[in-house]
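> next one to model:
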Amino acid sequence: MIRALPLALLLAAPAAAQSGDSEQQRWAMAATASSIIRDDWGIAHIHGRSDADAVFAMIYAQAEDDFPRIERNYLVALGRLAEAEGEGALWQDLRQRLFLDEAELRRAYADSPAWLQRLMMAWADGLNCYLARHPDVRPRVIRHFEPWMALAFSEGSIGGDIERVPLDALRAFYTGEQIAFVPPPLAEPKGSNGIAIAPRLTKDGQALLLINPHTSFYFRAEQQVTSDAGLNAYGAATWGQFFIYQGFNERMGWMHTSSGVDNVDLFAETIVRERGQISYRYGAERRPVRTRAITLKVKTPAGLVERRFTGYFTHHGPVVAREGGKWIAAALMNRPIAALEQSFLRTKASDLADFIRIAERRANSSNNTVIATAKGEIALLVPQFMPRRDNRFDYRGVVDGSDPATDWHGLHALGELPQLVDPASGWVVNTNNAPWTGAGAGSLNAGAYPRYFDLAGENARAVHALSLLGDKRDWTIEALRAAAFDSALPAFDRLLPPLITAWRALPADDPRRAALAEPIALLEGWDRRWGVTSTATTLAVHWGEALATAVPADSDIKSFSLTHLDRLAAAPGATQLAALETAIAKLKAAHGDWRVPWGTINRFQRPGATGGFDPKAPSLPVGFTSAIWGSLASFGTVSPAGSAQRFGVLGNSFVAVVQFGPRPRAVAVTAGGESGDPASPHFNDQAARYTAGALRPVYFDESDLVGHIARRYHPGR
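I've put the predicted structure just below:
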């Protein structure tokens, strides 16, 4: 049994941290009503008498593991990052403050239902209690959390819709600078994989779910949160949020994947200046441009300085750019109360119908969701926030804001959205691709929906997943785990044949024919699978990157969609061969030879307190590659200056496979480990399992925890 803590212990906080007896008393009551169990991987299993008690302990445990990440996420969400990081974060802060205003968030808190207010109060109490009990922890900016702040970060996605507003254009508008368009560099796609398999295709007759978010590493905590009020959710929680974002409860599981729907739109406003007033045309009328003063604080060597801006707004949204004499306003979802409600309540859903009832709030704007339930239901849903628009207009670009016909006309009803429920194939999948093939060929007819229902198209991971799912039967947890780490790289099935053809077409006396004969032979004989000992993987990846640099995507083509890959494959033979020469030269310069095993270059190392990588320090080889090439297990990397090695920074961040029987059974792994403290034994204790794809058992039930409990305690002790 967990012993209740005396009030005196909980109230023994430094005087500077106290903000009134009522707050201290709330801390004491919540701590007594909640508990934390740490298992032998350092993962927190939280219990509270009420949901609010559970939230208090959940966020307290997160703060124990990585308070700096919590604070940073809220500095970003609140538009206050420049207070900690200086001028480089100024425009990111301005963008955030154009869409989220503190006064509006405070009003939204006051307008929230009582049950949600209780959760937000418990969230703030948990963080403030943690800071009071840990005076050695020095926040960079936020020394006291207020309940309304939770509404600034309500959906859980990495980045979210607001990141679609380009900072360069925003800066140019608000400073009057002129900027030149620079094509985006080669970039690792941020996405995820979700697969659900119906009971009739599984060996044990129970539904299976793959949960595989691809985000920046260490972006989420792995936790279990339970309460006497029916909460029992396990999975990945974004640092600082009080709900499990991707995970499962005892009756169902949900996996979010970033969606390619178009629900962030840009409107070109025709501006009229007259008698010192600024207005914009809307049909036959002129409407005043609204303004709001925005003051940002920026860290400098001399201390904080204020930067003042005037934000401009039309009914479409804030003005974020200028183009051809027009002002560009951005429209996106801004429904913090509904989003936070939906994010929390779905963790308590009992089946698909319950999940959809909660989704009626239509406050999920960026996520497809793959679902499996203990009833045997499987489904793929697209984001429920979907503005209704006139399909005559192409919302992929900028539309004419002066034409009322381009406006949003309410939201689509859920029944009007593409969805796949219990399809004939017996499985659903999403890899951030279009939903049309989510259950195999012929799943959905794209022509039956407006074109704004997808901008992403297909990608190589989708090709890979569809080939693995096919008509396979007798799925098990282990079989689905193996599929998630299958080593095929199907992008090269499209890319390599034109390269080989170009080499064969070279005249016999062309010096490239002899110089490239051995590399071509290696690539032609390759099984197009990654592996730590594979030299072909190394050569193919370096060649593909060189080719992508030479043939960037058109502005209207999603980077590394199948359309983009086909564009690369169609490049002239001379370009194909030149890219191979570039790759070989780069490998020789870095390693002295172009024959380098992939694991020698591709490494996992968890950065320490300084945040940088050290090629001389221990690291582990990783076989899987960037998702660009169709690897379901994704590993996006950076190379430190002067280093020939690559170190992972994003991709597979959390992987779980869940089986839904009378009680769920699951295996999982987190990149590195649960704790953000380099001194903790749980900072890097999962690294070897992570790199090998060797998932560990999840302790979901009390019986699972027997023999695996490292510590029991109340928050604040």
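> run through who's touching stretch 237-247.
55, 58-59, 62, 66, 69-71, 73-74, 119, 122-123, 150, 153, 156, 158, 192, 211, 213, 219-223, 225, 233-236, 253-256, 343-344, 347, 654, 656 (Cβ atoms under 8 Å, 6 or more residues apart in numbering). C-beta coordinates here come from the backbone N, C-alpha and C atoms, glycine included.
> so how far is it from its chain's centroid?
12 Å (Cα atoms, centre = their mean, to the nearest Å).
> hmm, back to that, just the ones of the contacts of stretch 237-247 in strands?
Of the positions in those, 192, 211, 213, 220-223, 225, 233-236, 253-256, 654, 656 sit in strands, assigned by DSSP state E.
> helices along the stretch 451-600 of the chain, start to end?
460-469, 477-484, 491-504, 511-515, 517-525, 535-550, 562-569, 573-591, 598-601 (DSSP state H, counting those that start in this stretch).
> for the fifth one, packing partners?
Judged by 3 or more Cβ pairs under 8 Å, 6 or more residues apart in numbering; DSSP states H and E, helix 517-525 is in contact with helix 491-504, helix 535-550, helix 573-591.
> any idea of the angle that helix forms with helix 535-550?
100 degrees (axes from the mean of the first three to the mean of the last three Cα atoms, to 10 degrees).
> average pLDDT for helix 517-525, rounded please.
Per-residue pLDDT over helix 517-525 has a mean of 98.
> list the buried residues in it.
519-520, 522-523 (16 or more other Cβ atoms under 10 Å).
> would you turn those into JSON lines with distance to Gly324?
JSON lines is the format used below for these (distance: Cβ to Cβ, whole Å):
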{"residue": "Pro519", "distance to Gly324": "47"}
{"residue": "Ile520", "distance to Gly324": "48"}
{"residue": "Leu522", "distance to Gly324": "50"}
{"residue": "Leu523", "distance to Gly324": "46"}
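> taking the residues you listed, tell me the two that lie furthest apart.
The largest separation in the buried residues of helix 517-525, counting by Cβ to Cβ, is between Ile520 and Leu522 at 7.3 Å.
> what's the first-to-last distance across stretch 82-98?
15 Å (Cα to Cα, to the nearest Å).
> give the buried residues for it.
Buried-residue list, stretch 82-98, by 16+ other Cβ under 10 Å: 82-85, 89-98.
> which of the buried residues of helix 517-525 lies closest to Arg388?
Leu523 (48.9 Å).
> I figured the closest one was touching Leu539, is that so?
Yes. Using Cβ atoms under 8 Å, Leu523 is in contact with Leu539, at 6.4 Å.
> ok, back up a step: which pair in the buried residues of stretch 82-98 has the greatest spatial separation?
Ala84 and Leu98, at 19.9 Å, using Cβ to Cβ across those.
> now tell me what touches the helix or strand where Leu340 lies from outside.
Secondary structure assigned from DSSP states H and E places Leu340 in helix 336-345. With Cβ under 8 Å, 6+ apart as the test, helix 336-345 has contacts from 100, 105, 108, 111-113, 116, 119-120, 150-152, 154-156, 241-243, 245, 333, 358-359, 361-365.
> make a markdown table from the helices of the stretch 451-600 of the chain and add distance to Ala694 to it.
Converted to a markdown table, the helices of the stretch 451-600 of the chain look like this (distance: least, Cβ to Cβ, whole Å):
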| stretch | distance to Ala694 |
| --- | --- |
| helix 460-469 | 19 |
| helix 477-484 | 9 |
| helix 491-504 | 26 |
| helix 511-515 | 41 |
| helix 517-525 | 29 |
| helix 535-550 | 20 |
| helix 562-569 | 31 |
| helix 573-591 | 29 |
| helix 598-601 | 16 |
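> indicate which one of these is closest to Ser443.
Here helix 460-469 is closest among the helices of the stretch 451-600 of the chain (Cβ to Cβ), at 10.2 Å.
> so which elements touch that closest one?
strand 192-197, strand 427-430, helix 477-484, helix 562-569.
> quick one: that helix to helix 491-504, angle?
Going by the same axes, to 10 degrees, helix 460-469 makes 110 degrees with helix 491-504.
> among the helices of the stretch 451-600 of the chain, which is nearest Glu163?
helix 562-569 (20.2 Å).
> just the CA coordinates for the closest one, please, in PDB.
Below are the C-alpha coordinates for helix 562-569, written out as PDB (Å, rounded to 0.1, in the frame of the first residue of the first chain):
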ATOM      1  CA  LEU A 562       5.800   9.000 -55.400                       C
ATOM      2  CA  THR A 563       5.300  11.900 -57.900                       C
ATOM      3  CA  HIS A 564       8.600  13.400 -56.700                       C
ATOM      4  CA  LEU A 565      10.400  10.000 -56.900                       C
ATOM      5  CA  ASP A 566       9.100   9.500 -60.400                       C
ATOM      6  CA  ARG A 567      10.500  13.000 -61.200                       C
ATOM      7  CA  LEU A 568      13.900  11.900 -59.900                       C
ATOM      8  CA  ALA A 569      13.700   8.700 -61.900                       C
END
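> mean confidence score for that helix?
93.
> with stretch 72-87 instead?
On average, stretch 72-87 scores 97.
> just to revisit the earlier point, narrow the buried residues of stretch 82-98 to those in helices?
Within these, residues falling in helices by DSSP state H are 82-85, 90-98.
> so where's the stretch 51-200 of the chain uncertain?
158-159, 179-190 (pLDDT under 70).
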